[in-house]
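# Below: sequence and its predicted model.
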Amino acid sequence: MAKRSGGRVFKRCGCVNPADGRRWGLRCPRLSERGHGRWYFTVELAAGRDGGRRRLQRGGFVSRVAAERARGFWLGDDVDPGRALVTVGQWLDVWLATRTALRPSTRGLYGQLIRDYLQPRVGRLALSELSVGKVQAAFTALMRANATRSRPLSPTTLQRIREVLRAALNGAIRRGLIVHNPARWVELPSARRPRAMVWTEARVEQWRRTGERPPVAVWTAEQTAMFLEHVCDHQLYALFHVAALLGLRRGEALGLRWCDVDLASRTLSVVRQLIERDGRGVCLPKTDASCRLVALDRGTVSLLRRLARRDPAGDWVFSHDHGRPWSPSYVSRSFRALVDEVGLPPIRFHDLRHGAATLSLAAGNELRVVQALLGQSGIVLTADTYTSVLPCLAQQAADATAALVRRAGYHRGARMHKVVVPQQRSGSPRAHLVAVGD
């Protein structure tokens with residue numbers, strides 16, 4: 001348990017100073033306004049094995065009281081099971097602040113789901129009085145459209161909200177605050193994993209007429225080539241090229257350093273990813289399978305060689321003039337603007353990863369090779385996500401199946417006769433093989 005050693009509670013926000021483009025943080029002139037910014041706390045933990053200082057910081061609380069309560073828990077205070085006034089919202093704040101194994105991006109997602117959906121619906125209810133009926137009523141309301149939300153939440157979002165609430169209530173059971181988990185019995189629509197759909201000509205035409213687009217869409221090889229050709233002079237071209245051909249996640253590509261690239265052996269190692277949280281930060285990849293060795297084609301090697309010659313003393317593969325890596329949000333904004341500029345059907349930057357997998361399958365690579373390329377934990381996940389492939393590959397499969405049936409009919413003893421069929425127009429007659437049964 002952390003020792004009572006220093007630490008503080010403070011307020012900060014994400015406003016940007018228009019003079020220099022940097023965030024105000026603790027210096028924002030509007031922090032005194034009610035509801036502006038969020039509350040944070042820091043705690044000094046026991047020194048590590050090397051004797052170094054360790055400081056814990058958590059944030060996103062809507063009030064000073066909530067931040068102080070969560071900080072007190074880290075300092076050794078407890079939540080009294082006999083207190084009937086412990087609300088669901090109070091426990092959600094404490095539970096999220098004291099989770100130690102969450103990645104920053106996951107913590108941010110959980111915080112958003114708690115802040116936007118759980119706190120308004122069940123946050124004021126007493127934890128000890130929470131029932132299946134009250135939780136079901138809250139989720140039923142979330143399934144409907146309202147004045148602030150023009151359409152109901154998707155089944156995937158609803159499932160994620162329930163996962164957060166269920167995990168938090170399991171923590172409350174371990175603390176002795178409640179004896180059962182009402183979120184376990186909530187009925188929700190099933191969420192299906194979205195399949196990658198290719199922007200065929202028919203889908204592009206439908207999108208241009210109605211604005212309708214698939215949840216996960218990928219470009220064809222021609223569309224990908226058109227985009228890369230259009231942005232060949234852009235400062236982020238090399239990053240787009242690597243993402244489109246190698247299927248690296250945005251954070252994985254931005255987290256590449258030159259020590260991870262071996263141009264002689266034409267490989268690169270994915271060992272980290274760069275994510276954005278209160279600025280920038282580097283952390284380990286998403287899973288153990290994400291740490292992988294990726295083979296490079298000769299064109300990508302030539303591109304990286306030219307990139308290395310521009311900044312021979314640089315550390316990051318994709319960096320701007322100051323030698324620091326690009327901001328993930330800037331990369332996504334630039335990508336969206338360039339897609340609109342080219343006039344191609346819309347995709348997310350992350351969909352370049354799906355497109356790389358689809359193109360790899362279309363090139364004839366096995367599913368196991370695509371799994372290794374993407375760094376996914378299991379081949380079932382890869383197969384389930386990329387069952388819809390490029391039309392040319394589907395046509396090749398259909399032709400191969402038909403050819404197999406025709407060959408099977410011949411080998412079973414059908415007699416093949418050459419029949420000369422005169423053409424309707426001028427020209428020589430055409431010969432066809434016709435199978436005649438025994």
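Okay, I see it. Numbers count the residues shown, from 1 in each chain.
# Buried residues in stretch 321-334, which are they?
For stretch 321-334, the buried set under the neighbour-count rule, 16 or more other Cβ atoms under 10 Å, comprises 325, 326, 327, 328, 331, 334. The way it works is simple: take the backbone N, C-alpha and C, and place the C-beta from them, glycine included.
# got the contact list for that stretch?
Residues outside stretch 321-334 that contact it (Cβ atoms under 8 Å, 6 or more residues apart in numbering): 234, 236, 239, 250-251, 254-255, 274-276, 280, 311, 314-316, 318-320, 348-349.
# what's the average pLDDT for it?
For stretch 321-334, mean pLDDT rounds to 88.
# same thing with stretch 91-102?
For stretch 91-102, the mean pLDDT works out to 85.
# mind checking the end-to-end distance for that stretch?
The stretch stretch 91-102 measures 17 Å between its terminal residues, going by Cα to Cα, to the nearest Å.
# Tell me where this structure has strands.
Assignment of strands within the chain using DSSP state E yields the ranges 8-16, 23-25, 38-45, 54-61, 197-198, 217-218, 261-262, 267-270, 273-275, 281-283, 292-295, 415-421, 430-436.
# And the third one, how far out from the chain middle?
Strand 38-45 has its C-alpha centroid displaced from the chain centroid by 28 Å (Cα atoms, centre = their mean, to the nearest Å).
# in its sheet, what does that strand sit against?
Each strand that strand 38-45 pairs with, and the sense of that pairing, follows from DSSP bridges: strand 8-16 (antiparallel), strand 54-61 (antiparallel).
# Please export the C-alpha coordinates of the shortest one as CSV.
Listed in CSV are the C-alpha atoms of strand 54-61, where the atom choice follows Å, rounded to 0.1, in the frame of the first residue of the first chain:
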residue,chain,number,x,y,z
ARG,A,54,7.7,6.9,-7.7
ARG,A,55,4.7,9.2,-8.1
LEU,A,56,1.2,8.2,-9.0
GLN,A,57,-1.2,10.6,-10.8
ARG,A,58,-4.9,10.0,-11.6
GLY,A,59,-7.4,12.4,-12.9
GLY,A,60,-10.7,13.1,-14.7
PHE,A,61,-12.8,13.6,-11.5
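# Show me which positions of it end up buried.
For strand 54-61, burial by neighbour count (16+ other Cβ under 10 Å) applies to 56, 58, 59, 60, 61.
# looking at the strands of the chain, which one has the lowest mean pLDDT?
Taking each of the strands of the chain in turn, the one with the lowest mean pLDDT is strand 430-436, at a mean of 45.
# Number of residues surrounding the closest residue to residue 14 other than its chain neighbours?
If the residues on either side of it in the chain are set aside, residue 14 comes closest to residue 23, at 5.9 Å by Cβ to Cβ, 6 or more residues apart in numbering. Neighbour count of residue 23, defined by other Cβ atoms under 10 Å: 16.
# if we can go back for a sec, for residue 342, find the nearest of the strands paired with strand 38-45.
For the strands paired with strand 38-45, the distance to residue 342 is smallest for strand 8-16, at 29.1 Å, taking Cβ to Cβ.
# contact partners of that closest one?
Counting by Cβ under 8 Å, 6+ apart, residues outside strand 8-16 touching it are 22-26, 28, 30-31, 36-42, 59, 64, 67-68, 71.
# can we see that at 6 Å?
23-26, 28, 31, 37, 39-42, 67-68 (Cβ atoms under 6 Å, 6 or more residues apart in numbering).
# now swap in stretch 219-230 and tell me
With contacts defined as Cβ under 6 Å, 6+ apart, stretch 219-230 is touched by 199, 244, 342, 344, 355, 359.
# Give me the distance between the third one and residue 172.
Which is residue 342. Counting by Cβ to Cβ, to the nearest Å, the gap from residue 342 to residue 172 is 51 Å.
# do the same with the fourth one
As judged by Cβ to Cβ, residue 344 and residue 172 stand 49 Å apart.
# So the two - more neighbours on which side?
Counted by other Cβ under 10 Å, residue 344 and residue 172 do not tie: residue 172 has more neighbours, with 23 against 17.
# got a list of what that one touches?
Taking Cβ under 6 Å, 6+ apart as the definition of contact, the neighbours of residue 172 are 91, 178.
# pLDDT value on it, please?
Residue-level confidence at residue 172 comes out at 90, pLDDT.
# Quick test: name the residue nearest the centre of this protein.
The centroid of the chain falls nearest to residue 350 when counting by Cα atoms, centre = their mean (6.9 Å).
# which ones are touching that one?
In this structure, residue 350 makes contact with no residue, judged by Cβ under 6 Å, 6+ apart.
# How about the one 3 residues further on?
Contacts for residue 353 (Cβ under 6 Å, 6+ apart) come out as residue 247.
# how near is it to residue 236?
On the measure of Cβ to Cβ, residue 353 and residue 236 end up 16 Å apart.
# Residue 363 too?
Residue 363 sits 25 Å away from residue 236, going by Cβ to Cβ.
# And for residue 336?
Distance, residue 336 to residue 236, using Cβ to Cβ: 12 Å.
# higher neighbour count, the two?
Using other Cβ under 10 Å as the criterion, residue 336 and residue 236 rank with residue 236 on top: 17 against 14.
# Nearest spatial neighbour of that one, chain-adjacent residues omitted?
Using Cβ to Cβ, 6+ apart and skipping the chain neighbours, the partner closest in space to residue 236 is residue 334 (5.8 Å).
# Could you find the closest non-adjacent residue to residue 218?
residue 355 (3.9 Å).
# so how many other residues sit close to the one you found?
27.
# Surely it is in contact with residue 217?
No: under the criterion of Cβ atoms under 6 Å, residue 355 lies out of contact with residue 217, with a separation of 8.9 Å.
# Tell me where this structure is predicted with low confidence.
Applying pLDDT under 70 to the chain flags residues 1-6, 45-54, 73-85, 145-150, 277-284, 286-287, 289, 377-395, 409-438.
# got the contact list for the nearest residue to residue 132 once chain neighbours are set aside?
The shortest distance from residue 132 to any residue that is not its chain neighbour, by Cβ to Cβ, 6+ apart, is 4.5 Å, and that residue is residue 182. Residue 182 makes contacts with 130, 131, 132, 135, as judged by Cβ under 6 Å, 6+ apart.
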